[in-house]
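Enquirer: Next input, structure requested:
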Amino acid sequence: MLVLTDRQKDILKIIIRDYTRTGMPVGSKALASEFPTHVSSATVRNDMAALESKGLIAKTHFSSGRVPSMRGYRYYVDNLVQPDPLDDSAEDLIKSSFNSEFNRIDEIVQESAKVLSDLTNYMAVTFNPEPGSNLKLGGFRLVKLDERQVMAIIVTNTGHVVNKIFRLTNVSSEQLETIVNIINSELVCKPLTQVAEKLRVDLPLLMTKYIQTPEGFLKIFGEMLNEAGRDRVHVDGELNLLQFAERQNLDRLKPLYNLLDTEGTVQKIINPNSHDVQVRIGSELPNDLLKDYSIITGTYDLNEYGQGVIAVIGPTRMPYSKIIGIVGALREELTKKLLGYYDDN
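Expert: Okay, the predicted model is just below:
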């Protein structure tokens, strides 16, 4: 375990704070001038050398100053950082955003991604709570659009809506209504896992009384159930990553955006291994395209309704105390809003 003196800790904090603010290497003279008590430049240089020998700071090729290393950021996040409290404007933004009228869980979690991006000026990713065994079929409808096309609509108990249009020929409106009544009486208010089982075992034989070839309809219904049961991912502020690309190879941005545009990949990248606010930095992330970035995640817990995640993706040179404070505060407000939604519905 690394052991630092109090002065070395202060030097590391100042280097990270100044480098975060300016993007420029920090020299010994500037460091000495920022100490609350008098410290000579020679003393500061000795402590900087000690920090460099421990791998916490590094020289750059174009300056005598120092910048934080990935190990330095890690030490800082684990041992020195203190979350900043929200300022009044951030509190007002969160409260005003969540005071809107929402009809679905999706809308609340999507709004949280927008708020998180607005507050941090980074890319934000938020996940609906994991459905688990509490996700149930809330309702089902079939709407005949014309002689060949039918729209199927399912609604979950959380208000999530999935619809698909498909072909179903030689079926009357009365037959469609009968199918709807059977599914609603047999399956509504049951967990989606049970609905899927009945779809596989019981419904095929039952449907043949009303549809000559029910396989197509049952396949569509199964696909809709799978979509309703998936974790929902909401992204906001993707273009914010562009403002940190000046000193990077811009060619890396296109594959990075492609990486972050794939829902399953984003889930694997964001996937936290802690219920607390967690910071992962550069090489700790599972893809080399993210080596210049950090991800800060916060898990929100809705008791029997499951858990979800909010996350910020930004440069390693980010103000960690500020962002950690925002993520922690927003997840608390999101938890309150979602629990209130479940209570009201």
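Enquirer: if I pick the closest residue to V150 other than its chain neighbours, what's in contact with it?
Expert: Nearest residue to V150 in three dimensions, chain neighbours excluded: L168, at 4.6 Å (Cβ to Cβ, 6 or more residues apart in numbering). Yep, even glycine has a C-beta here, placed from its N, CA and C like the rest. Applying Cβ atoms under 8 Å, 6 or more residues apart in numbering to L168 gives the contacts R148, Q149, V150, L176, I211, G216, F217.
Enquirer: Ramachandran angles for L168?
Expert: phi -150, psi 100 (degrees, to the nearest 10).
Enquirer: All the strands of the stretch 51-200 of the chain, in order from the start?
Expert: For the stretch 51-200 of the chain, applying DSSP state E, counting those that start in this stretch gives strands covering 57-60, 63-68, 123-127, 137-144, 149-156, 161-167.
Enquirer: so which of these comes closest to T193?
Expert: T193 sits nearest to strand 137-144 of all those, at 10.6 Å, using Cβ to Cβ.
Enquirer: so that closest one versus strand 161-167, what angle?
Expert: 30 degrees (axes from the mean of the first three to the mean of the last three Cα atoms, to 10 degrees).
Enquirer: Mind listing what's buried along strand 137-144?
Expert: For strand 137-144, the neighbour count (16 or more other Cβ atoms under 10 Å) marks L137, G138, G139, F140, L142, K144 as buried.
Enquirer: export those to JSON lines and tack on pLDDT and distance to H160?
Expert: As requested, the buried residues of strand 137-144 are exported to JSON lines (pLDDT from 0 to 100; distance: Cβ to Cβ, whole Å):
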{"residue": "L137", "pLDDT": "87", "distance to H160": "11"}
{"residue": "G138", "pLDDT": "86", "distance to H160": "9"}
{"residue": "G139", "pLDDT": "87", "distance to H160": "11"}
{"residue": "F140", "pLDDT": "87", "distance to H160": "13"}
{"residue": "L142", "pLDDT": "84", "distance to H160": "18"}
{"residue": "K144", "pLDDT": "83", "distance to H160": "24"}
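Enquirer: of those residues, closest to I313?
Expert: Nearest to I313 among the buried residues of strand 137-144, with distances taken as Cβ to Cβ, is G138, at 33.2 Å.
Enquirer: Against which helices or strands is whichever strand or helix holds K13 packed?
Expert: Using DSSP states H and E, K13 sits within helix 6-22. In terms of contacts (3 or more Cβ pairs under 8 Å, 6 or more residues apart in numbering; DSSP states H and E), helix 6-22 is packed against helix 28-34, helix 41-53, strand 63-68, helix 70-75.
Enquirer: can you state the direction angle for it and strand 63-68?
Expert: 100 degrees.
Enquirer: If you count neighbours, what's buried in helix 6-22?
Expert: Residues 7-12, 14-20 are the ones in helix 6-22 that count as buried (16+ other Cβ under 10 Å).
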